[in-house]
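**Q** make a model of this:
(chains A and B)
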Amino acid sequence: MLNILWPIFILLSFIYALISGKINEVNNGIFSSVQDAVELSITFLGTICLWNGLMEIVKRTTLIEKLTKVLRPLVHFLFPELKKNETAKQEISMNMIANILGLGNAATPLGLKAMKTMQKENPKKDTLSNSMMMFIVLNTASIQLIPTNVIAIRSSLNSQNPTSIIIPVWIATIIAAIVGVFCTKLIIKKVK
Amino acid sequence: MAQVINYFSSAAIPVIIILIIAYGLKEKTKVFDNFLNGATEGIEIVFKMFPTLIGIFLAVGALRSSGLIDLIVNLITPLTNLLEIPSQIMPLALLRPISGSASMAVAVDIMQNYGVDTLTGMITSTIMGSTETTFYTIAIYTSVVGIKKTRGILAAALAADVAGMVASTIICRILSMSFS
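**A** Below is the predicted model:
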């Protein structure tokens, strides 16, 4: 996708600059943009390393396993077809908890494992099962307690209150998840 | 209400850090070693993001300085007004489901140009925090089990994304109104 969009953006900008006589601005613009990218990356280094370090401490504790119990009723409701498949339910809960804690690196491997477990009892091997659809949609909705990367970038950009987005993020992410779950349930009913 | 949210948000970071370290100590893990390993991974994240950042900044810089972005923003304003999304955020909204690092780069560019703590900056941050790289997620989760027929899951996932973006905009608007 970006292989098409990126050159189009650049070519159109240069052509437009030539027509509107802004070629000097573009000349300066591209070099200062690249300079900005370097400076920003250096400021990101500090904050992103800080959060990743903290999150690694969490990853090495038993917090993820412990919190999976809290999700039981929710997992029962969202995955009615996995009644007897305890392994799948456990893996799904662990993936969800890792996502909620903002442990993206831990969530993906757990999620892939859950997919493989669900595939074992999938009657049509080339088609997504109902449970798989629900699981993937939940993962694309990104339910997060602490959006660490965004907070890190906000503080790098000298925000006065980098964490002020936490509550808006919670509300928005829950709304997104509810819409996702609703649409998935709809598709499950309509598309066989 | 706004003050409560504000106070809670400012207290969040210290509280989270204390809890994480205390929990690590309680379970007798090597807190500092683990921190270092995580921080090393952080370096990798920034290094991997760097080329994308350069590439996207180059393109966005060209779009902006040539004046083309103003033209595009003016063209899509009627549509974005309908959705109540500020038109400056539209490039982010379109890119968000496609590429994680590219949308992060665009988000950084928006926050740099329109301010981190402005309404536009708040909406940008909230969108980044509440949505995922939908296409990528669907691709890796289906390919790991070799599934080809996805039964319109993309529609459900994109509906969730749009809902998240519109919700982000509305919530930030309400909050900024009660702040001022």
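
**Q** buried set for stretch A:18-31?
**A** For stretch A:18-31, the neighbour count (16 or more other CB atoms under 10 Å in any protein chain shown) marks A:22, A:25, A:26, A:29, A:30 as buried. Quick note: C-beta positions are derived from backbone N, CA and C, even for glycine.

**Q** ugh, wrong one, stretch B:55-75
**A** Neighbour-count burial for stretch B:55-75 [16+ other CB under 10 Å]: B:55-66, B:68-69.

**Q** which residues touch residue B:22?
**A** With contact set as CB atoms under 8 Å, 6 or more residues apart in numbering or on different chains, residue B:22 has no partners.

**Q** how close does the residue nearest the centre of chain A get to residue B:150?
**A** The residue lying closest to the centre of chain A (CA atoms, centre = their mean) is residue A:142, at 4.6 Å. Distance from residue A:142 to residue B:150, counting by CB to CB, to the nearest Å: 19 Å.

**Q** returning to what we had before: ok, and which of the buried residues of stretch A:18-31 reach chain B?
**A** By CB under 8 Å from any CB of the partner chain, the members of those lying near chain B are A:22, A:25, A:26, A:29, A:30.

**Q** quickly find the element holding residue 18.
**A** Answering for chain A, as no chain was given. Residue A:18 is part of helix A:2-20, with elements assigned from DSSP states H and E.

**Q** wait, I meant chain B there
**A** Assigned by DSSP H and E, residue B:18 belongs to helix B:2-26.

**Q** can you pull the contacts of the nearest residue to residue A:158 once chain neighbours are set aside?
**A** Once flanking residues are discounted, residue A:158 sits nearest to residue B:116: 6.9 Å by CB to CB, 6 or more residues apart in numbering or on different chains. Taking CB under 8 Å, 6+ apart, we find residue B:116 in contact with A:154, A:157, A:158, A:159, B:125.

**Q** does residue B:116 fall in a helix, a strand, or a coil region?
**A** Following DSSP: H, G, I helix; E, B strand; the rest coil, we place residue B:116 in the coil state.

**Q** quick one, which of the buried residues of stretch B:55-75 has the minimum pLDDT?
**A** When the buried residues of stretch B:55-75 are compared by pLDDT, residue B:69 scores lowest at 79.

**Q** now the one helix or strand it maps to against helix A:2-20, angle please.
**A** Element membership of residue B:69 [criterion: DSSP H and E] is helix B:68-83. Relative orientation of helix B:68-83 and helix A:2-20, computed by axes from the mean of the first three to the mean of the last three CA atoms, to 10 degrees: 120 degrees.

**Q** dump the buried residues of stretch A:18-31 into JSON lines; add pLDDT, secondary structure and distance to residue A:114 as well.
**A** As requested, these are exported to JSON lines (pLDDT from 0 to 100; DSSP: H, G, I helix; E, B strand; the rest coil; distance: CB to CB, whole Å):
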{"residue": "A:22", "pLDDT": "87", "secondary structure": "coil", "distance to residue A:114": "52"}
{"residue": "A:25", "pLDDT": "86", "secondary structure": "helix", "distance to residue A:114": "51"}
{"residue": "A:26", "pLDDT": "88", "secondary structure": "helix", "distance to residue A:114": "48"}
{"residue": "A:29", "pLDDT": "85", "secondary structure": "helix", "distance to residue A:114": "46"}
{"residue": "A:30", "pLDDT": "85", "secondary structure": "helix", "distance to residue A:114": "44"}
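
**Q** who are the packing partners of the helix or strand where residue B:165 lies?
**A** Assigned by DSSP H and E, residue B:165 falls within helix B:153-179. When contacts are defined as 3 or more CB pairs under 8 Å, 6 or more residues apart in numbering or on different chains; DSSP states H and E, helix B:153-179 packs onto helix A:130-141, helix A:166-190, helix B:2-26, helix B:119-130, helix B:134-143.
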